[in-house]
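Colleague: Fold the following and give me the result.
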Amino acid sequence: MDYCFPVANILHLFLFLQENSFTMELNEKNNMIFGVHPVLELIRSQKEIEKVFIQAGVRSPEITEIANHCRANGIPVQYVPMEKMNRLTRKNHQGVIAFICPIEYQPLEKVIPAVFEEGRDPFVLMLDRVTDVRNFGAIARTAYAAGVDAIVIPSKGSALINGDAMKTSAGALSLINVCRVDNMKDAIDFLQASGLRVVGFTEKAKESLWKSDLTGPLCVMMGSEEDGISPAYLKRLDQHLMIPMPGDIDSLNVSVATGIVCFEVVRQRR
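Modeller: Just a heads-up that it's a prediction; the model follows:
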């Protein structure tokens, strides 16, 4: 029996399968979903979404629906130029790219009381605009090894938790609590109100890490690779500390600095 389909339908089916096969291929590698209809299906599935990129200047009812859904559900949306979109993928993204989050974020308001209920002093790590995925993964690995109870990150301006971050963390990101917050100032206030001392590390500080008491309920804040902790956050912290460095270099990679700090906390607690 011969089957005859209109050429237009065959072309439509081919394009649909092509777009979705590319999407699934990328999704397996780095949790990327692109294209208007695949992203719409993603947000309707209620899966955890890491971030959505929308090409600046692209408008359609579907793009508006995606943006509105993200705003209503606290999903970070970033409007970027076409060049940025094309660096993420050279495929037909139609002006929208989403990343599925490979972990489930935990609410900070539940993590801290749970630690106290276990009879332990919370140990929290807060990261201000750490954007390199490998740095972030390495930090997560160190934090988990050091017994950190939660890593707090901002919903905007933080590294994507993607395949590279998961690999660099050696599985730690699947095991440690990661709390994504919309407002870092509110998170600092909450931690302080919960009885934690919030300590920030900056090369501009006068007080040495080695001479400071890091026992008790504690949150350690580390700054971005470029310019450290934001001045607005520094003002709210309980203490500013620095890592003494006798050599000529006056700064360290943030993942290395975090490792030094975390295991000094471990040393003092033991």
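Colleague: going forward, measure contacts and count neighbours with C-alpha atoms only.
Modeller: Will do.
Colleague: Only alpha carbons, please: show stretch 64-73 as PDB.
Modeller: Coordinates of each C-alpha in stretch 64-73 appear next as PDB, following Å, rounded to 0.1, in the frame of the first residue of the first chain:
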ATOM      1  CA  THR A  64       6.000  36.600  27.000                       C
ATOM      2  CA  GLU A  65       4.400  33.500  28.500                       C
ATOM      3  CA  ILE A  66       7.800  32.100  29.300                       C
ATOM      4  CA  ALA A  67       9.100  35.400  30.900                       C
ATOM      5  CA  ASN A  68       5.900  35.800  32.900                       C
ATOM      6  CA  HIS A  69       6.100  32.200  34.200                       C
ATOM      7  CA  CYS A  70       9.700  32.800  35.300                       C
ATOM      8  CA  ARG A  71       8.900  36.000  37.100                       C
ATOM      9  CA  ALA A  72       6.000  34.400  38.900                       C
ATOM     10  CA  ASN A  73       8.100  31.400  40.000                       C
END
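Colleague: got the contact list for that stretch?
Modeller: Contacts to stretch 64-73, defined as Cα atoms under 8 Å, 6 or more residues apart in numbering, come from residues 39-40, 43, 52, 76-77.
Colleague: Give the buried residues for that stretch.
Modeller: The neighbour-count check on stretch 64-73 (16 or more other Cα atoms under 10 Å) flags 66-67, 70 as buried.
Colleague: Between those residues, which sits nearest residue 205?
Modeller: Using Cα to Cα, the shortest approach to residue 205 within the buried residues of stretch 64-73 belongs to residue 70, at 38.7 Å.
Colleague: State the mean pLDDT of the helix or strand that closest one falls within.
Modeller: With secondary structure defined by DSSP states H and E, residue 70 is part of helix 61-72. Helix 61-72 shows an average pLDDT of 92 in the prediction.
Colleague: Point out where the protein drops to low pLDDT.
Modeller: Counting by pLDDT under 70, the chain shows low-confidence ranges at 1-30.
Colleague: Apply 50 and report the result again.
Modeller: Of all residues in the chain, those with pLDDT under 50 make up the ranges 1-29.
Colleague: May I have the strands that pair with the strand ranked longest in the chain, each with its orientation?
Modeller: Within the chain, and with DSSP state E defining each element, the longest strand by residue count is strand 49-55. According to DSSP bridges, the neighbouring strands of strand 49-55, each with its direction, are strand 77-80 (parallel), strand 96-100 (antiparallel).
Colleague: okay, those in JSON lines with distance to residue 193 next?
Modeller: Supplementary listing: these in JSON lines, determined by distance: least, Cα to Cα, whole Å:
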{"stretch": "strand 77-80", "distance to residue 193": "30"}
{"stretch": "strand 96-100", "distance to residue 193": "33"}
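Colleague: follow-up on the earlier one: what's next to the longest strand of the chain, contact-wise?
Modeller: 43, 63, 70, 75-82, 85, 95-101, 160-161.
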